[in-house]
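Peer 1: Need coordinates for the following:
(4 chains)
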Number of protein chains: 2
Amino acid sequence: MRYNNQGSAVKTGRPRSFCTDTVLDRAMTVFWRKGYEGASLSELTGAMGINPPSLYAAFGSKEGLFRAVIERYDARRQALMDRVLAAPDSRAVARQFLEGVADFSADTEGRSPPGCLLVQSGLSCSDADIPQVLAEHRAEKERALRERFERDKKAGRLPKNANPATLASYLTTVANGMCVQASAGATAKQLHDIVEVALAAWPTSTRPVRSAARAASIRRRA
Amino acid sequence: MRYNNQGSAVKTGRPRSFCTDTVLDRAMTVFWRKGYEGASLSELTGAMGINPPSLYAAFGSKEGLFRAVIERYDARRQALMDRVLAAPDSRAVARQFLEGVADFSADTEGRSPPGCLLVQSGLSCSDADIPQVLAEHRAEKERALRERFERDKKAGRLPKNANPATLASYLTTVANGMCVQASAGATAKQLHDIVEVALAAWPTSTRPVRSAARAASIRRRA
DNA sequence: CCTGTTCTGTATCGAACGCTACAGATATGG
DNA sequence: CCATATCTGTAGCGTTCGATACAGAACAGG
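Peer 2: Numbering: from 1, shown residues only, chains lettered A, B, ... in the order given. Prediction:
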């Protein structure tokens, strides 16, 4: 066995006839449109342009392929998250996040299916691993938002009664909801209108968001 | 052929050995947990306590069973919608709607699966009819909210720049998003915290929600 | 009791599922 | 040119899928 200058083993034998990223992109659209269980092996291999043995040699199983697709999907979305997290203040973070989700989840005239792969490819499934994998990836985005808002709050750039975890959860909720709307055919304009309403909930120093406890007491008096 | 006093045919032959509503309830939890495609016939018949021929005689096909389950699900949720639509003003409608969704979609310790059947049982599917059926049922709730807000606006109980369709769409979006969160294990408290933030977006006569056009112009100046 | 009708349980059906055995093809190392 | 290693295409594995054929059971009407 020989090693190249990166320290990895030099591959002998017949070289792979396909580009991993290309076939993952093609598999992605199938999982996106049909869901994990609705995407059959024959449809996947057909779209990827390879035969089952090549698929299994490269990804191990249908679930392995799906996980690889999700990883690739996540890497693409990371560009959006990086831009979002670089916004100057928490309100700009919220706006750019929701507008970004509205832009990519609305129907893009065939470039990619509507909605979000992490939402619609497998909320319920005969194999419980799939919903869990998706939930973990969604939770990761929410955590990134929460940590950003926690830093903002420590720096005094969020009202004292604002809850970073709840705000991050709220944004994730609206984003996931928009993905559901998008998968049912919502247009980019409709989604952006929703974003404007959603952002009206964002706390400011002059009009802090009502805390859950205070709102509950108001409700009790009513 | 004879007819009873309701004008329907009197049934002869061996009577059905099961209660339709009972077996639909049992099938509902299977579809809820596994999704449309993840719910196999053997698992469905097992949970329903009947054999395939009985299922097919009563519901025609797996899709027929699913549609019957969805109808029953909808009938149950209608009680919530009736209560919501009877609320005194649009803000109360919004609050009761979101709190109702938070209550039933959070994990109820086994009484029913978390989330909403209309969201998680088939956003993507090999059979495109399923996502469409679900989307139509979700759209029906949104329409009921919109029509209520349109009446409120005509009666001067909503600000002039408030858009009833967008407000209804916003509530639906938050509700669907909460269902996604619930399916991933969100607690009732987390969902209710989200509701409080979401309601801060609701327009009032003293602080009307920014219109999408105005917000866009503000963004352009920034 | 007999006929007609509808439902039930057993025991499958053909098709599609996810997956793989195997032989031939194509690379590297010596 | 040969040995070794990896990948590719064909062809088909065993299983499970949604859906049924069929015979017998359980009712109503006469």
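
Peer 1: Every contact and neighbour count from this point should use C-alpha atoms.
Peer 2: Fine.

Peer 1: secondary structure class for the nearest residue to residue A:67 once chain neighbours are set aside?
Peer 2: In this structure, residue A:67 finds its nearest non-sequential neighbour in residue A:133, 8.0 Å apart by Cα to Cα, 6 or more residues apart in numbering or on different chains. Put simply, residue A:133 is helix when judged by DSSP: H, G, I helix; E, B strand; the rest coil.

Peer 1: Check residue A:133 and give its pLDDT.
Peer 2: At residue A:133, the model reports a pLDDT of 98.

Peer 1: Quick one: neighbours of the residue of chain A found nearest DNA strand D, just the number.
Peer 2: Nearest residue of chain A to DNA strand D (Cα to the nearest atom of the strand) works out as residue A:13 at 2.8 Å. Neighbour count of residue A:13, defined by other Cα atoms under 10 Å in any protein chain shown: 6.

Peer 1: and it, what pLDDT?
Peer 2: Residue A:13 carries a pLDDT value of 91.

Peer 1: Quickly find the element holding it.
Peer 2: If you go by DSSP states H and E, residue A:13 is not part of any helix or strand.

Peer 1: Return the backbone torsion pair for it.
Peer 2: Dihedral pair for residue A:13: phi 80, psi 180, per degrees, to the nearest 10.

Peer 1: Residue B:177 versus that one, what's the distance?
Peer 2: Remark: distance between residue A:13 and residue B:177 (Cα to Cα, to the nearest Å) = 49 Å.

Peer 1: before we move on, what about residue A:33?
Peer 2: Taken as Cα to Cα, the span from residue A:33 to residue B:177 is 20 Å.

Peer 1: which of these two has more neighbours?
Peer 2: Between residue A:33 and residue B:177, counted using other Cα under 10 Å, the more crowded position is residue B:177 (29 against 23).

Peer 1: can you give me the helices in chain A?
Peer 2: Secondary structure of chain A (DSSP state H): helices at A:20-38, A:41-48, A:52-59, A:62-85, A:90-105, A:117-120, A:129-154, A:164-183, A:188-199, A:212-221.

Peer 1: Might you list the low-confidence residue ranges for chain A?
Peer 2: Across chain A, the ranges flagged by pLDDT under 70 are A:1-10, A:205-222.

Peer 1: Kindly report the residues of it close to DNA strand D.
Peer 2: With Cα under 7 Å from any atom of the strand as the criterion, chain A meets DNA strand D at residues A:11-18, A:50-55, A:57-58.

Peer 1: List just the nearest of those residues to chain B.
Peer 2: Among those, residue A:52 lies closest to chain B (Cα to the nearest Cα), at 19.7 Å.

Peer 1: Next, the contact list for the closest one, please.
Peer 2: A:41, A:45 (Cα atoms under 8 Å, 6 or more residues apart in numbering or on different chains).

Peer 1: Residue A:63 too?
Peer 2: By Cα under 8 Å, 6+ apart, the neighbours of residue A:63 are residue A:130.

Peer 1: do that again at 10 Å, thanks
Peer 2: Neighbouring residues of residue A:63 by Cα atoms under 10 Å, 6 or more residues apart in numbering or on different chains: A:36, A:69, A:127, A:129-130.

Peer 1: Quick check on those residues: which are buried?
Peer 2: Buried members of the contacts of residue A:63, scored by 16 or more other Cα atoms under 10 Å in any protein chain shown, are A:36, A:69, A:130.

Peer 1: near chain B, which of those show up?
Peer 2: residue A:36 (Cα under 10 Å from any Cα of the partner chain).

Peer 1: so who does residue A:143 touch?
Peer 2: A:137, A:149, A:164-165, A:168-169, A:172.

Peer 1: Help me confirm that residue A:183 comes into contact with residue B:134.
Peer 2: No: at 11.1 Å, residue A:183 does not count as touching residue B:134 under the criterion of Cα atoms under 10 Å.

Peer 1: ok, these two, which is more surrounded?
Peer 2: residue A:183 (25 against 21).

Peer 1: and that one, how far is that from residue B:131?
Peer 2: 9 Å.

Peer 1: repeat for residue A:164
Peer 2: 34 Å.

Peer 1: With the flanking residues excluded, which residue is spatially nearest to residue A:191?
Peer 2: Closest residue in space to residue A:191, ignoring its immediate chain neighbours: residue A:102 at 5.5 Å, by Cα to Cα, 6+ apart.

Peer 1: Pull the contacting residues for that neighbour.
Peer 2: By Cα under 10 Å, 6+ apart, residue A:102 lies in contact with A:96, A:115, A:175, A:178-179, A:182, A:186-195.

Peer 1: Could you rerun that using 8 Å?
Peer 2: Listed by Cα under 8 Å, 6+ apart, the contact set of residue A:102 reads A:175, A:178-179, A:188, A:191-192, A:195.

Peer 1: Max pairwise distance over those: which two?
Peer 2: For these, the farthest-apart pair by Cα to Cα is A:175 and A:188; their separation is 13.2 Å.

Peer 1: And for residue A:57, the neighbour number?
Peer 2: 9.

Peer 1: typed the wrong thing, it's residue A:187
Peer 2: 18.

Peer 1: any idea how far the nearest residue to it once chain neighbours are set aside lies from residue A:189?
Peer 2: In space, and not counting its chain neighbours, residue A:187 is closest to residue A:106: 5.8 Å by Cα to Cα, 6+ apart. Note on residue A:106: its distance to residue A:189, by Cα to Cα, is 9 Å.

Peer 1: With neighbour numbers in mind, choose between those two.
Peer 2: residue A:106 (27 against 13).

Peer 1: about what we covered before: which of residue A:175 and residue A:188 has more neighbours?
Peer 2: For residue A:175 versus residue A:188, neighbours defined as other Cα under 10 Å are more numerous around residue A:175 (29 against 19).

Peer 1: dump the residue contacts of the more buried one.
Peer 2: By Cα under 8 Å, 6+ apart, the neighbours of residue A:175 are A:98, A:101-102, B:177.

Peer 1: Would you mind measuring the gap between the ends of stretch A:180-191?
Peer 2: End-to-end distance of stretch A:180-191 (Cα to Cα): 11 Å.

Peer 1: got the contact list for that stretch?
Peer 2: Against stretch A:180-191 from outside (Cα under 8 Å, 6+ apart): A:102-103, A:105-107, A:114-115, A:119-120, A:178, B:119, B:123, B:131-132, B:135, B:166, B:173, B:176-177.

Peer 1: which of the contacts of residue A:143 come close to chain B?
Peer 2: Among the contacts of residue A:143, proximity to chain B is found for A:169, A:172 (Cα under 8 Å from any Cα of the partner chain).

Peer 1: Any chance of a markdown table for the contacts of residue A:143, columns distance to DNA strand C and neighbour count?
Peer 2: A markdown table is the format used below for the contacts of residue A:143 (distance: Cα to the nearest atom of the strand, whole Å; neighbours: other Cα atoms under 10 Å in any protein chain shown):
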| residue | distance to DNA strand C | neighbour count |
| --- | --- | --- |
| A:137 | 22 | 16 |
| A:149 | 41 | 27 |
| A:164 | 40 | 21 |
| A:165 | 38 | 18 |
| A:168 | 35 | 22 |
| A:169 | 33 | 27 |
| A:172 | 30 | 26 |
